[in-house]
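Chemist: Build the 3D model from these lines:
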Amino acid sequence: MSDSVLAAIITATATVCMSLLQLRFSLGKDGGARVQAAGGRRKGRGPFAILFVIIIASAVGGFALSQWLTENERVSQNMVQRELQDRVDQITRTANQLEQTRVGVRAEIEAGVLRKLGSDGVVVMATVGPCRPSLVVSPPGTATPPGVTGETTQPAAPVCTESEASAVTLCATIPANATITEVELYTRIAEAETPWSTNRVIAGQENGQGRFAEKYVEGPEAPGTKQICEAFAHWSTEHARVARMVVRYGF
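Modeler: Numbers count the residues shown, from 1 in each chain. Here you go, the predicted model:
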């Protein structure tokens, strides 16, 4: 209850008390007018004193009632605030638990995906074009061998050596904490449609005028990742060749 309502209640109570006293005075006057005439001044002070006491008592009672209601309202507000704070704390704990669960589930899913990728292998491919050898020009004045005329002489087909080979480096990116389990190497002619399973080669072994390096190179790439690189050289002048590397890893 507000202070204005309490003040109105106190005023109404005092008004009722005064009305009752006035009614008593009127009845008393009708029954003993002469008796009251002699001592009216002395007796008239009693009702006013009683009225004053009633007003004071009403004020004190109204103030006490206001304090009691205010205290109850304060207690109720404190209870509501504590309940709301408990709800907020509970929601916060639930949100933190959900966040932790989400992070854990995400990490588990990512780990599962990485394990699946490592099991399937990271595939890297590159096409190397035919080797273009340097031209050999005969010096001026070179004599034609006996019995060979200029018309019958045919130029030799250009040939590349391994030192002149076209080179390419295949690099696969994997997690930094992964352990290499296998590196598979394949090579075939660019136009060929044969399955890769039949074109697997061994590192360092020549195959079709092409050769992979004997060992792959491992090095850091970025925070959390590293690279596995394998060099391939191709010195055929007749056709291009496709090199393929599959890196398998685990944790």
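
Chemist: May I ask which helix or strand encompasses Ser66?
Modeler: According to DSSP states H and E, Ser66 maps onto helix 45-120.

Chemist: Mean pLDDT per element in this protein, and the minimum belongs to which helix or strand?
Modeler: Taking mean pLDDT, DSSP states H and E as the measure, the chain has helix 33-43 as its least confident helix or strand, at a mean of 52.

Chemist: Strands along the stretch 151-251 of the chain, start to end?
Modeler: For the stretch 151-251 of the chain, the strands defined by DSSP state E, counting those that start in this stretch occupy 166-175, 179-189, 200-201, 210-212, 217-222, 225-234, 241-250.

Chemist: Now do the buried residues in stretch 241-251.
Modeler: Neighbour counts over stretch 241-251 (16 or more other CB atoms under 10 Å) mark Arg241, Val242, Ala243, Arg244, Met245, Val246, Val247, Arg248, Tyr249 as buried. Heads up, the C-betas are built off the backbone N, CA and C, glycines and all.

Chemist: Next: stretch 189-207.
Modeler: Under 16+ other CB under 10 Å, the buried positions of stretch 189-207 are Ile189, Asn199, Val201, Ala203, Asn207.

Chemist: Next: stretch 163-183.
Modeler: Under the neighbour-count criterion of 16+ other CB under 10 Å, stretch 163-183 has Ala165, Ser166, Val168, Leu170, Cys171, Ala172, Ile174, Pro175, Ala178, Ile180, Val183 buried.

Chemist: what about it, start to end distance?
Modeler: Stretch 163-183 stretches 25 Å from its first residue to its last (CA to CA, to the nearest Å).

Chemist: Averaged pLDDT, it. What do you get?
Modeler: Here stretch 163-183 scores 93 as its mean pLDDT.

Chemist: can you list the buried residues of stretch 189-207 in a markdown table and add distance to Val122 and pLDDT?
Modeler: A markdown table is the format used below for the buried residues of stretch 189-207 (distance: CB to CB, whole Å; pLDDT from 0 to 100):
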| residue | distance to Val122 | pLDDT |
| --- | --- | --- |
| Ile189 | 24 | 93 |
| Asn199 | 19 | 94 |
| Val201 | 18 | 95 |
| Ala203 | 17 | 94 |
| Asn207 | 22 | 89 |
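
Chemist: got any ranges where the stretch 101-250 of the chain has weak pLDDT?
Modeler: Residues of the stretch 101-250 of the chain that meet the criterion pLDDT under 70 lie in 134-157.

Chemist: before we move on, back to that, quick one, which of the strands of the stretch 151-251 of the chain is nearest to Ser119?
Modeler: Closest approach to Ser119 among the strands of the stretch 151-251 of the chain (CB to CB): strand 241-250, 6.8 Å.

Chemist: Which elements pack onto the closest one?
Modeler: helix 45-120, strand 122-128, strand 166-175, strand 179-189, strand 210-212, strand 225-234 (3 or more CB pairs under 8 Å, 6 or more residues apart in numbering; DSSP states H and E).

Chemist: Which of those has the highest mean neighbour count?
Modeler: Mean neighbours per residue, mean count of other CB atoms under 10 Å, is largest over the helices and strands packed on strand 241-250 for strand 210-212, with a mean of 23.

Chemist: tell me what that strand is packed against?
Modeler: Helices and strands touching strand 210-212, as assessed by 3+ CB pairs under 8 Å, 6+ apart, comprise strand 179-189, strand 225-234, strand 241-250.

Chemist: which residues does Phe251 contact?
Modeler: Taking CB atoms under 8 Å, 6 or more residues apart in numbering, we find Phe251 in contact with Ala111, Leu114, Arg115, Gly118, Pro175, Asn177, Ala178, Thr179.

Chemist: separation between it and Glu182?
Modeler: Separation of Phe251 from Glu182 (CB to CB, to the nearest Å) stands at 15 Å.

Chemist: contact partners of stretch 105-119?
Modeler: By CB under 8 Å, 6+ apart, stretch 105-119 touches Ile174, Pro175, Ala178, Thr181, Arg248, Tyr249, Gly250, Phe251.
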